[in-house]
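Visitor: would you be able to build a 3D model of this:
(one chain, ligands or ions: 1)
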Amino acid sequence: MPIIAANFKTNHTRASTAKYISLVNNYLKTNSTSEVYIFPTATSLDEYETVLNLSIGVQNAYPTKKGSFTGEIGTEQLDEFFIKTILIGHSERRHILGETQEAIAQKFQYFKELGYKIIYCIGEPLEVKEQGLQSTLEYLWEQLVGIDTTYDKLILAYEPVWAIGTGVTATVEDISNIHNAIKKEINKPLLYGGSVNFGNIEKICAIPNVDGALIGTASWVAEDFIKIIETTKEL
Ligand code: PGA
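Guide: From the prediction side, this is the model:
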């Protein structure tokens, strides 16, 4: 069964998130045993009814329980909604919000110690990809510095930066090369992300060593996301 995750980024309101989660939850009640994750905005966290195979996670949080960290949320705020899943290392946080590998590793360590399920993202920018597979792999290993890749609640996501939100998906060969190399070193579920949609999900999930997908844009309409889960449930 593949792992299918929806990353809302800065999309959806509290009201539309509630509708979305309810639709996906109702679908999962009777239709699928896929492992599904939804990452709404922090303002849309709530006590949602969810079946066992649906988890709500956060796109980010600060490695603290509470304190003076203006604009951030800590685990006191997450505990209110029983959140135990977090996305760490997403390329938008690395490249737009300027998170360093050191800060990311500290965050990982903090949430690991609290037993969170962590979806940890790595991925190379276009200029690195253009230097070839060896350079790409070296870049990806750098993004794993300070990360305990043996952590039992770790899911990895390979998301090439040039494929995120661009409509350009990596080729089967690109995905295969990277996923095989990562799996040789790290025995954890490994998702692919980057312009995954209803039209390409089946092909991508059929690639050996792809355990599922982390989906942004194509996940934002509940019916589309449900169609994606439906397509992958037999895989
Ligand atoms: P995308 O985003 O599906 O819009 O390319 C994926 C991601 O950022 O996780």
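
Visitor: the residue most distant from the middle of the chain, which is it?
Guide: Distance to the chain centre peaks in the chain at Ser68, reaching 27.7 Å (criterion: CA atoms, centre = their mean).

Visitor: so for the host helix or strand of Ala103, what gets flagged as buried?
Guide: Taking DSSP states H and E as the criterion, the element that holds Ala103 is helix 101-113. Buried residues in helix 101-113, defined by neighbour count with 16 or more other CB atoms under 10 Å: Ile104, Ala105, Lys107, Phe108, Tyr110, Phe111, Lys112. Where you see a C-beta, it was placed from the backbone N, CA and C, and this is true even at glycine.

Visitor: and that helix, what does it pack against?
Guide: strand 85-88, strand 117-122 (3 or more CB pairs under 8 Å, 6 or more residues apart in numbering; DSSP states H and E).

Visitor: next, the angle strand 117-122 makes with that helix.
Guide: Angle between the axes of helix 101-113 and strand 117-122 is 160 degrees (criterion: axes from the mean of the first three to the mean of the last three CA atoms, to 10 degrees).

Visitor: average pLDDT across helix 101-113?
Guide: The average of the pLDDT scores along helix 101-113 is 98.

Visitor: which residues touch it?
Guide: For helix 101-113, contacts defined as CB atoms under 8 Å, 6 or more residues apart in numbering pick out 61-64, 86, 88-89, 93-94, 99, 118, 120, 142-143, 145-148, 151, 153.

Visitor: out of those, name the ones that lie in strands.
Guide: Ile86, Ile88, Ile118, Tyr120 (DSSP state E).

Visitor: OK, contacts around the third one?
Guide: Translated: Ile118. Ile118 neighbours (CB under 8 Å, 6+ apart): Thr85, Ile86, Leu87, Ile88, Phe108, Phe111, Lys112, Tyr151, Lys153, Leu154, Ile155.

Visitor: give me that answer again for 10 Å
Guide: 57, 85-89, 107-108, 111-112, 147-148, 151, 153-156 (CB atoms under 10 Å, 6 or more residues apart in numbering).

Visitor: if any of the residues you listed are buried, give me the PyMOL selection for them.
Guide: A single PyMOL command selects the buried members of the contacts of Ile118 (16+ other CB under 10 Å):
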select buried, resi 57+85+86+87+88+89+107+108+111+112+147+151+154+155+156
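
Visitor: which element is Ile155 on?
Guide: Applying DSSP H and E, one finds Ile155 within strand 154-158.

Visitor: helix or strand right after that strand?
Guide: helix 172-185.

Visitor: is the helix or strand that that following helix is followed by up against the ligand anywhere?
Guide: Counting by DSSP H and E, the next helix or strand C-terminal to helix 172-185 is strand 190-193. Yes: counting by CB under 6 Å from any ligand atom, the ligand is contacted by strand 190-193 at Gly193.

Visitor: packing partners for strand 190-193?
Guide: Other helices and strands packing on strand 190-193, by 3 or more CB pairs under 10 Å, 6 or more residues apart in numbering; DSSP states H and E, are strand 3-7, strand 117-122, strand 154-158, helix 172-185, helix 201-205, strand 212-215.

Visitor: quick one: closest of the ones you listed to Ala18.
Guide: Nearest to Ala18 among the helices and strands packed on strand 190-193 is strand 3-7; the distance by CB to CB comes to 14.5 Å.

Visitor: before we move on, back to that, make JSON lines from the ones in strands among the contacts of helix 101-113 and add pLDDT to it.
Guide: Output for the ones in strands among the contacts of helix 101-113, formatted as JSON lines (pLDDT from 0 to 100):
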{"residue": "Ile86", "pLDDT": "98"}
{"residue": "Ile88", "pLDDT": "98"}
{"residue": "Ile118", "pLDDT": "98"}
{"residue": "Tyr120", "pLDDT": "98"}
